[in-house]
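S.K.: Need a 3D model of the following:
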Amino acid sequence: MRSRLFPKSERGTANHGWLQANFSFSFGNYYNPEMVQFGMLRVLNDDTIAAGMGFGTHPHENMEIITIPLEGGLTHRDSMGNEETVRFGEVQVMSAGTGIRHSEMNASQTEQAKTLQLWIFPEKENVTPRYGQKSFDLENNRNSLVNVVSPEDKNDGNALWIHQQAFLHMGLFDAGQNFNYDIKIPGNGLYLFLIEGELEINGQAVHERDAFGAVEFETVAITTKAPSKMLAIEVPMQFKD
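M.R.: Predicted coordinates for the structure are as follows:
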């Protein structure tokens, strides 16, 4: 196994007043040639959005976009006619495909919203745009990883799906838990983002908002040193020929 810690302190940041943004990978005016992407994972933004504010209508194409509220909610409107509010406990996926326009606004006029947004390169381009949203009960599945996103051809109906051989799992764990992440597709890599808490992975301490990346492995041993919330992102490490 080859692995690397990605400390919180090395993320890019932006302060737009209404938006406090943290970038795991190069985004907007933040560019780090060593942190452009992790395999097919192109974006992982950790945003705090002020009450009543958000991202106005803008376009996307040929990207799988996943939004995970951590606090509050976002109201989504798009050119397909969808108008939904996605809140804490839910996950939203959008296949931009041939092209889509959408907006994302804080659903509250009084409280801030905190969200994670991921962009994953699709395995095929110019698909028909689509939208999905689903609620996941992490609390009643405590101390286990819950599959929230999977590839279309490997989806069991309990998770959302995207046009890529990628899997997202989320979990809430008590302190002192020992468990493994087993790779689902040989050759894929794991980017584990620790939302809250403290972990030890193969002897490496991982703190809140750090990430741990691993490639060339079959299983990764994880121990929780404190109550923890995590997002495990398994992605192909290169485009298909």
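S.K.: Where does pLDDT dip in the chain?
M.R.: The model of the chain has pLDDT under 70 over residues 240-241.
S.K.: same thing but at 90, please
M.R.: Along the chain, segments meeting pLDDT under 90 span 155-157, 202-203, 238-241.
S.K.: Leaving out the residues flanking it, which one is nearest to residue 133?
M.R.: Using CB to CB, 6 or more residues apart in numbering and skipping the chain neighbours, the partner closest in space to residue 133 is residue 92 (4.8 Å). For every residue, glycine as well, the C-beta is placed using N, CA and C.
S.K.: just checking, the one you found is part of a strand?
M.R.: Yes - counting by DSSP: H, G, I helix; E, B strand; the rest coil, residue 92 is located in a strand.
S.K.: Bridged to it, which residues?
M.R.: residue 67, residue 133 (DSSP bridges).
S.K.: residues in contact with the residue nearest the centre of the chain?
M.R.: For the chain, residue 118 is the residue whose C-alpha lies nearest the centre (CA atoms, centre = their mean; 4.5 Å). Residues near residue 118 by CB atoms under 8 Å, 6 or more residues apart in numbering: 41, 43, 44, 45, 65, 66, 67, 68, 168, 233.
S.K.: and which of these is nearest residue 130?
M.R.: Nearest to residue 130 among the contacts of residue 118 is residue 65, at 11.0 Å by CB to CB.
S.K.: what comes up buried for stretch 63-79?
M.R.: 63-70, 72-76, 78 (16 or more other CB atoms under 10 Å).
S.K.: Let me have the residues you listed in a markdown table, adding distance to residue 206 and secondary structure as columns.
M.R.: Listed next are these as a markdown table, based on distance: CB to CB, whole Å; DSSP: H, G, I helix; E, B strand; the rest coil:
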| residue | distance to residue 206 | secondary structure |
| --- | --- | --- |
| 63 | 28 | coil |
| 64 | 26 | strand |
| 65 | 26 | strand |
| 66 | 21 | strand |
| 67 | 24 | strand |
| 68 | 19 | strand |
| 69 | 23 | strand |
| 70 | 18 | strand |
| 72 | 26 | coil |
| 73 | 28 | strand |
| 74 | 27 | strand |
| 75 | 33 | strand |
| 76 | 31 | strand |
| 78 | 35 | strand |
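S.K.: What backbone torsions are found at the residue nearest to the centre of the chain?
M.R.: Dihedral angles phi and psi of residue 118 (degrees, to the nearest 10) take the values phi -120, psi 140.
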